[in-house]
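Chemist: need a structure here:
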Amino acid sequence: MNITRRVNGRKVRPKIAYDDASMHSPTLFILAALLMGLMGAVFQAVWRFNRDIPGLKWWTQAYAFGFLGCVGFLLRSHAPAPVSVLLTQGGILLMACLCWQGCRAHVGRPLMRWLPVCLFVGAWLLLALHFTVVQSDLRVRLVMASVGPGVLFLLSAHTMWPRDSQDHPARRLTAWVFGVHGVVLLLRPVLFHVGSSHIEAVSVAVLVESIVVLNMLGFCILMLVNEHVNAALRRLAETDSLTGVFNHRSFLAVLSKAMSVEARLNRHLPVMLVDLDHFKRVNDTWGHQTGDEALRHFVAVANACMRQGDVLGRLGGEEFAVFLPQASGDEAVAVAERLRAQVEAHPLPTAHGPIPLSVSVGVAHCRPGERPETALGRADHAMYQAKAAGRNRVEVWRSDEPGAA
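Modeler: The predicted model follows:
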């Protein structure tokens, strides 16, 4: 249907599409602001009850500043231009900065120092004011609103990208979302320049992309929260709450896997069973709190003197076990002797003075196809041989001993 009409003798097509698009832009910004506020409120509620989740505090603040940026854009027709520009540019830039800060906190990297960040944001806003009040230039402000946040979102993507994506699928997805949005922001000035004849349509497309990213980032952050909580629960289920090493069940499971690997390589995995000497006397004399400190002290000494890759677990009470992947029999005995000597050389420091400690160690080798409990039983037999011989010594299980199986 021909919808053109004549004005002063010339055919003119009414700008219905542009008017519709410009009517939709405020609606889309209102929707973006509502999403920012809603996501920020959800993150605030989650962070209130889970304050140990790294990065969540910063992401919560990021969405608060993103909401402020949307409000600043909506006020562009009702507030002075400098106020609107400060709210918009500051909100968007601070959101990107805080997203990067949250990513660094989540992966355990050092946080950015606030003085350089404040100086950077302040200089950026002064520059935006210059191109608003002194030398009004909308294109420069558009480039500033695109390049600064775009680079920061790309830095967030780089920070979040996991080395092992199988262990951290939520991080991988979050990095992709940050990266794609960063690229779109950097390309935004080019899109507006190329699509200058359809500026309203380009504006709507950019806004829709931002809204989609806001939703996806919100869900990604919630996935990161869930991933962190699940990992924490898994650590609680696998580790001893007092010493932080593997508990009995988890140690047996890990030992079983290591035995299978060593068997395929035609090697016998060495295993040690370690018992703190006269531990009951420590508890009875100094109390159970000192006994707990003695157990933690032993673990610290053991971790310092064992080889990289050796695995320590607490079987119960004052009894610990260690297996040593890719170690020969002589190497296992050397590690056991070093452990015994280090425990003897480092008494437990307490308010009552140093308390001497010692350990008895039994060493055995795992046989192909046997259960982990069987190998630990032989190491336990050797450990009791060490106790019978006077404690504070290392004994190796030998098959020619009387009663050996």
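Chemist: pLDDT at residue 15, what is it?
Modeler: At residue 15, the model reports a pLDDT of 39.
Chemist: now the helix or strand in which residue 232 is found: average pLDDT?
Modeler: Applying DSSP states H and E as the criterion places residue 232 in helix 199-238. Helix 199-238 carries an average pLDDT of 83.
Chemist: for that helix, packing partners?
Modeler: Judged by 3 or more CB pairs under 8 Å, 6 or more residues apart in numbering; DSSP states H and E, helix 199-238 is in contact with helix 16-49, helix 56-74, helix 81-107, helix 169-194. In short, each C-beta sits where N, CA and C put it, glycine included.
Chemist: what is the neighbour count of the nearest residue to residue 272 once chain neighbours are set aside?
Modeler: Excluding its sequence neighbours, the residue lying closest to residue 272 (CB to CB, 6 or more residues apart in numbering) is residue 322, at 4.4 Å. Other residues near residue 322 number 26, with proximity taken as other CB atoms under 10 Å.
Chemist: hang on, the earlier thing: can you tell which of the helices and strands packed on helix 199-238 is closest to residue 152?
Modeler: helix 81-107 (3.6 Å; CB to CB).
Chemist: tilt between that closest one and helix 56-74?
Modeler: Helix 81-107 runs at 160 degrees relative to helix 56-74, counting by axes from the mean of the first three to the mean of the last three CA atoms, to 10 degrees.
Chemist: pLDDT of the helix or strand following helix 81-107, averaged?
Modeler: Using DSSP H and E, the helix or strand that follows helix 81-107 towards the C-terminus is helix 114-129. Average pLDDT, helix 114-129: 91.
Chemist: export the helix or strand following helix 114-129 as CSV, just CAs?
Modeler: Note on helix 114-129: by DSSP H and E, the next helix or strand toward the C-terminus is helix 138-160. What follows is helix 138-160, C-alpha atoms only, in CSV (Å, rounded to 0.1, in the frame of the first residue of the first chain):
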residue,chain,number,x,y,z
LEU,A,138,27.6,14.0,21.6
ARG,A,139,29.8,11.8,19.5
VAL,A,140,32.8,12.1,21.8
ARG,A,141,30.6,11.3,24.8
LEU,A,142,29.2,8.2,23.0
VAL,A,143,32.8,7.0,22.3
MET,A,144,33.7,7.5,26.0
ALA,A,145,30.6,5.7,27.2
SER,A,146,31.5,2.8,24.9
VAL,A,147,35.3,2.5,25.0
GLY,A,148,35.9,2.7,28.8
PRO,A,149,33.2,0.2,29.9
GLY,A,150,34.0,-2.0,26.9
VAL,A,151,37.7,-2.4,27.9
LEU,A,152,36.7,-3.0,31.5
PHE,A,153,34.2,-5.7,30.5
LEU,A,154,36.9,-7.4,28.4
LEU,A,155,39.2,-7.3,31.4
SER,A,156,36.5,-9.0,33.4
ALA,A,157,36.2,-11.7,30.8
HIS,A,158,39.9,-12.3,30.8
THR,A,159,39.9,-12.5,34.6
MET,A,160,37.0,-14.9,34.8
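Chemist: ok, residues contacting helix 138-160?
Modeler: Contacts of helix 138-160 with the rest of the structure, by CB atoms under 8 Å, 6 or more residues apart in numbering, involve 85, 88-89, 92-93, 95-97, 99-100, 103-104, 106-107, 109, 124, 127-128, 131-132, 171, 174-176, 178-179, 181-186, 188-189, 192.
Chemist: where does this protein have low pLDDT?
Modeler: Across the chain, the ranges flagged by pLDDT under 70 are 1-25, 165-166, 195-196, 198-199, 399-405.
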